[in-house]
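A.B. asks: structure for this input, please:
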Amino acid sequence: MRIQTMRKVLVGLIGTVMVGVLLSPAPAAAKTMEFLFQGGDEPFGTPPVGISMTGKDSTRPTRVTSFAISGFSWNCNGQSGPFDIEEVPFDRQSIEIGRNKNGDLYFAVNTQIWRGSTLYTYHLWGGQHRKDPRWWLGKVRMVKSTPGEEDTITCDIAGDDGGSLFWKARLVKACPGRCKDPF
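C.D. replies: This is a model prediction of the structure:
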């Protein structure tokens, strides 16, 4: 008899809680924010870099919307010039941030820019610092190819390590919606 009474009380209690949960107003959905990350010069180190990301939380952004890096020079088989990516031309959907097999946030993108009859391919990788989510670290590499030539050339970038230039950037600004003023 006591067991049946206890069951009825438990079922009644669970039912009351469920009705309360179903009828209570849902919390407002968190608004998408823009997060600006900056690197270069002190205290960030080199090279100068700027990244914007979007999401609901700066420790777990969901998309990279722009990337810019400058201040270095490159050399591709005797041709050289300043290494400036004013802004990597991401597609309209931007670059989705994913998780690797260790659960770390990262992004990777290959983008191509034509300059005259030469195709420059930029390989860009980045990952969130494991101990401090305000920092993102990564590398960028530039490859040059010309239609009709078989060889593609990985360009040497001043200050690089094995064909890739390393960068790091720290969160400097978070804005609801889009930031009106960059950095």
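A.B. asks: mind giving me the packing neighbours of the longest strand seen in the chain?
C.D. replies: In the chain, taking DSSP state E as the definition, the longest strand is strand 63-76. Applying 3 or more CB pairs under 8 Å, 6 or more residues apart in numbering; DSSP states H and E, one finds that strand 63-76 contacts strand 49-55, strand 79-85, strand 95-96, strand 135-145, strand 156-157, strand 165-176. Backbone N, C-alpha and C define where each C-beta goes, glycine included.
A.B. asks: measure the nearest residue in space to L165 that is not next to it in sequence to P147 for me?
C.D. replies: Excluding its sequence neighbours, the residue lying closest to L165 (CB to CB, 6 or more residues apart in numbering) is I157, at 4.6 Å. Counting by CB to CB, to the nearest Å, the separation of I157 from P147 is 23 Å.
A.B. asks: just T65 next, same as before
C.D. replies: Following CB to CB, the distance that separates T65 from P147 is 31 Å.
A.B. asks: the more surrounded of these two?
C.D. replies: Neighbour tally, T65 and P147, criterion other CB atoms under 10 Å: the higher count belongs to T65, 17 against 8.
A.B. asks: which helix or strand in the protein has the lowest average pLDDT?
C.D. replies: helix 2-23 (a mean of 41; mean pLDDT, DSSP states H and E).
A.B. asks: what residue ranges in the chain score low on pLDDT?
C.D. replies: 1-30, 41-45, 82-94, 150-151, 158-163, 182-183 (pLDDT under 70).
A.B. asks: if we can go back for a sec, the helix or strand following the least confident helix or strand of the chain - contacts with which helices or strands?
C.D. replies: Using DSSP states H and E, the helix or strand that follows helix 2-23 in sequence is strand 33-39. Contacts defined by 3+ CB pairs under 8 Å, 6+ apart place strand 33-39 against strand 49-55, strand 165-176.
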